[in-house]
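Student: Predicted coordinates and the sequence they were generated for:
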2 protein chains.
Amino acid sequence: MKQFINSKETLVTEAIDGLLRTADGRLARLDGYPHIKVVLRSDWDRSRVALVSGGGSGHEPSHAGFVGQGMLTAAVCGEVFASPSVDAVLAGILAVTGKPGCLLIVKNYTGDRLNFGLAAERARAQGLKVNMVIVDDDVALPDLPQARGVAGTLFVHKIIGALAEQGADLDTLTREARRIIKGVVSIGMSLDTCTVPGSPKEDRIAPGKAELGLGIHGEAGIEQVDFSTARDAMEKVVARLTPKIGSGPHVALLNNLGGATPLEMSVLAEELVRSRIGEQIRWLVGPAPLMTSLDMQGFSVSLLPATQADEAALQAPVAPWAWPGCKPVGEIEIMVLPDGLAPIQPIPSRNDTTRALIERCCNALIAAEGDLNALDAKSGDGDTGSTLATAGRALLKALDRLPLADHTQLYRAIGLELSQTMGGSSGVLLAIFFAAAGDASASGANTIDALKAGLDRVQQVGGARPGDRTMIDALAPALEELSRSPAQAAAAARSGADATAQIRRARAGRASYLAENSILGHNDPGAEAVARLFKELAAADAKLVGSL
Amino acid sequence: MKQFINSKETLVTEAIDGLLRTADGRLARLDGYPHIKVVLRSDWDRSRVALVSGGGSGHEPSHAGFVGQGMLTAAVCGEVFASPSVDAVLAGILAVTGKPGCLLIVKNYTGDRLNFGLAAERARAQGLKVNMVIVDDDVALPDLPQARGVAGTLFVHKIIGALAEQGADLDTLTREARRIIKGVVSIGMSLDTCTVPGSPKEDRIAPGKAELGLGIHGEAGIEQVDFSTARDAMEKVVARLTPKIGSGPHVALLNNLGGATPLEMSVLAEELVRSRIGEQIRWLVGPAPLMTSLDMQGFSVSLLPATQADEAALQAPVAPWAWPGCKPVGEIEIMVLPDGLAPIQPIPSRNDTTRALIERCCNALIAAEGDLNALDAKSGDGDTGSTLATAGRALLKALDRLPLADHTQLYRAIGLELSQTMGGSSGVLLAIFFAAAGDASASGANTIDALKAGLDRVQQVGGARPGDRTMIDALAPALEELSRSPAQAAAAARSGADATAQIRRARAGRASYLAENSILGHNDPGAEAVARLFKELAAADAKLVGSL
């Protein structure tokens, strides 16, 4: 277990300080480290009801990340997954509460309930108006009298934050908070457990399984379910939520529990909208990390019946960056492809000699696929062979459409064909090569000069030079020798390709990012491909080669 | 390898659709799935220079997440870690480019360079004004002519985005982009590799090691270094950047490569500010996921010399939520603790009998630490014993300060003492218990009634009832029997504690989140603690117990 921390003991205070570094005068902390860790608005004048939340750390950006105008007034932070002490909560209350009073927004975990509860009693004993609401949105355990508080808490922070900002009084805020809490339901699913600083990682979720109904403190999910796809995962989550909600429109909150990638979260968002309750989801908060569980690779969905007032409160602008906004869920806007993409198709023409030569070259590339992939795996992602073989197959298929009798048009057509069927570097380099050769041919260049013009353009766009360990190391000497004979060109290509094995450091392409000892002794796959092509040319009938 | 995806083939298109679901009319995509994946502004009128970026996917929120007013006009998305095709890039260019032209912002990876380069040539051939800049901010490989483009690209997106929004022309934007690119330096460090969808995870970073100078496509870092702490990690990163920057003020960008938690990132932010170049860092973008590498547990730091114009451009508001803002780096604002935290200290008094009784109880709790921790580990985090033993030790230390001769004051003092030294649930419950007992005693209740009042308050705040598998299951019957004799109270406590082992489902506390079979057969640790305390009372001299 490796983590970017200095010590378990200083983790939370250092993280809070890191957060405060860029608070731009809007946030401060109380002078109570390490015992009292309270983040509060420094632009707060106690003229309205203060909103105080908090709990154990490890759920960032909750709660300190949501302190600021329009959301929380203060966050009381415990150690990772541990409730803050009564003194810490009391300090937070006392630091921000004025005459209008203070509302404590507490997730229903025993420790938080007790520490915030006792602190509230002490604050009241000092004459302050303090109310407390307990969020219990988790529906994982249907028969539990005290459901946990999880990501649905954010609905309370945001809506009550907006109302408090407008000046609502403590009783109104308390009543509204309880109404929201009554309406919110949440459930989470995870593919892996979280890594608690200083503790070995628990490995309790088997391959092919996911935990459904998990808490946010590393406690096990209430059940393990089969996991296959994002769609199936979302379906299982939605199945738990459906019986708990009414038939009206809802706001959904899609929470990243920490370790899911943005790609996964976006797929899950799409699946949520496509799910059986998708029609009911009018607004979406996220996907975003809102109430995380350290690095847990999971997500949770929270649902709130949508009222116009709540929607407005959810959309009110707030200071904390971590709030991702609440956006209407709509259709995906699709624009038609622009004109100018479809290239002008050349008029096909026949030339059996040229056709045979192209077929020979293409088949040579297809035959070399495995060898070239293996070479590429030494320095790259092992796909050069496949990329070139794909090009070969595409050209073979396209032969009937090609202007085989017109070299200028043929070069351009091959270039277009390759650029349409290939995404990899080698494919594009070939496309650039043939496009430039076509231009040169149009200007009257002979075959060899046209090919040299292609080489020039490839060097210009690709940035590679001879000696950089690329296909150029074979292609440049081969084209130099081609005017003498195909055999001499083939020998030059082979010699150039073999020389790449001794180039200690790649200067271009993916291999250039690697230390030298991983590539030394292996030919560059692009150069090797060129050498094999020229060998094929040399072995072909003179008549075929003459058709170039 | 489990991921929330449906298939590798549909991952990127589904993720883009998920992103577009909540675009609120501001984003669209081209109708070219699956080959052409272009996200573009739907509120774009081509009246200014278009900014087009993109590349392989897996770097979210880059690049589609930064499309919107003030940043990119369009993002061209390839498959994961694969450059988009020329056709896809060309479609993006054609879809957004008007008379003012288009600037392509490309990270220096061969595939991107080639595909964007060829697309630019094709667009130019259709009469469009298209320039291309290549970002090469990575300083991992000092002698490489073509450095990679990594997270520093965001500086280009944001600053050029602001200038384009203001109406700057293509030549100005191109020149400014090249100036920024010349100034930006970046380097990354990671503790783990990323998980590429559809591929087994490579396990190449040993325990105790980190990769320094990594790319964002899963390619290995240029070297493995020893890893110990966040401070040391940041020091190693800063050491690579320091020789590359001038002595003036800089803007830093702290990028989460995907899998680092917000806690870790905040600690790293603090370490960056505390580092040897901390004084030079006037502004900070992040910490935030900006240019990720799937789920890689790593970070990168990018530095840009700060000019007033660049700072202004970095702070200009933008539509995309994923941009975290650029904030001034300042001192941490620390507020003094509020008054009212320090409780009024009672006047100490002596009572040797009471003292001996308290010592006996405290020592019993200390002796039970290991047993109670073990019981708690069956259902919780295994700390009940430590929490209670800590309480015992604290009380023993506090004995000289306690009003031992005044029961009312003593209860309250014990309550305060416990609430100041303990954060866990059991500690607070005990504090609430004694605070309420003190209140009752002040109202004239005898010892047993005072303790019963404490029990009532604990039930009220904690929400637990007899039968819920908590310490109440031992405490309630024991207090009922205490008026008869300490021995009968002890027997009742033991019987109550042992009965908790047969309660199939916890109804309160952390154990309530667990399935029943994990706790059946084990006593609740809180109830067990109560039983042991009453056993100690029963075994004590009658004189001691009489002092209660």
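Tutor: Cool, got the structure. Keep in mind that this is a model prediction, so the values were computed, not measured. Residues are numbered from 1 along each chain as shown, chains lettered A, B, ... in the order given.

Student: any idea how far A:Asn256 is from the closest residue to A:Val80 other than its chain neighbours?
Tutor: Nearest non-adjacent residue to A:Val80, counting by CB to CB, 6 or more residues apart in numbering or on different chains: A:Gly58, 4.3 Å away. C-betas here are computed from N, CA, C, even on glycine. Per CB to CB, to the nearest Å, A:Gly58 is found 14 Å from A:Asn256.

Student: The two: which has the busier surroundings?
Tutor: A:Gly58 (29 against 24; other CB atoms under 10 Å in any protein chain shown).

Student: Quick one, grab the pLDDT at that one.
Tutor: A:Gly58 carries a pLDDT value of 96.

Student: ok, it - contacts?
Tutor: Going by CB atoms under 8 Å, 6 or more residues apart in numbering or on different chains, A:Gly58 touches A:80-81, A:194, A:196, A:216-217, A:292-294, B:261, B:263.

Student: if you set the cut-off to 6 Å instead, what comes out?
Tutor: A:Gly58 sits next to A:80-81, A:294 when contact means CB atoms under 6 Å, 6 or more residues apart in numbering or on different chains.

Student: closest to chain B among those?
Tutor: A:Leu294 (5.4 Å; CB to the nearest CB).

Student: Name the SS class of that closest one, please.
Tutor: coil (DSSP: H, G, I helix; E, B strand; the rest coil).

Student: burial measure for A:Thr172, as a count.
Tutor: 14.

Student: Next, find the distance separating it from chain B.
Tutor: A:Thr172 is 25 Å from chain B, where distance means CB to the nearest CB, to the nearest Å.

Student: Spell out the secondary structure type for A:Thr193.
Tutor: Three-state assignment for A:Thr193 (three-state DSSP): coil.

Student: helix, strand or coil for the residue nearest to it when sequence neighbours are not counted?
Tutor: Sequence neighbours aside, A:Glu202 is the residue nearest to A:Thr193 in space, at 4.9 Å (criterion: CB to CB, 6+ apart). Three-state call for A:Glu202 (three-state DSSP): coil.

Student: okay, now A:Glu202: neighbour count?
Tutor: 13.

Student: Report the separation between it and B:Lys378.
Tutor: A:Glu202 is 15 Å from B:Lys378, by CB to CB.

Student: ok, now A:Phe434?
Tutor: 71 Å.

Student: How about A:Leu30?
Tutor: 37 Å.

Student: where does the stretch 101-250 of chain A dip in pLDDT?
Tutor: A:142-145 (pLDDT under 70).

Student: can you give me the helices for it?
Tutor: Counting by DSSP state H, counting those that start in this stretch, the stretch 101-250 of chain A has helices at residues A:110-125, A:153-165, A:170-183, A:230-241.

Student: Check the stretch 251-400 of chain A too.
Tutor: A:262-274, A:308-315, A:352-367, A:369-377, A:384-398.

Student: Next: the stretch 401-548 of chain A.
Tutor: Under DSSP H, counting those that start in this stretch, the stretch 401-548 of chain A gives helices at A:407-421, A:425-442, A:447-462, A:472-482, A:486-500, A:525-539, A:542-546.

Student: Need these in JSON lines (columns: distance to A:Ser300).
Tutor: Below are the helices of the stretch 401-548 of chain A laid out as JSON lines (distance: least, CB to CB, whole Å):
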{"stretch": "helix A:407-421", "distance to A:Ser300": "43"}
{"stretch": "helix A:425-442", "distance to A:Ser300": "41"}
{"stretch": "helix A:447-462", "distance to A:Ser300": "47"}
{"stretch": "helix A:472-482", "distance to A:Ser300": "53"}
{"stretch": "helix A:486-500", "distance to A:Ser300": "52"}
{"stretch": "helix A:525-539", "distance to A:Ser300": "46"}
{"stretch": "helix A:542-546", "distance to A:Ser300": "66"}
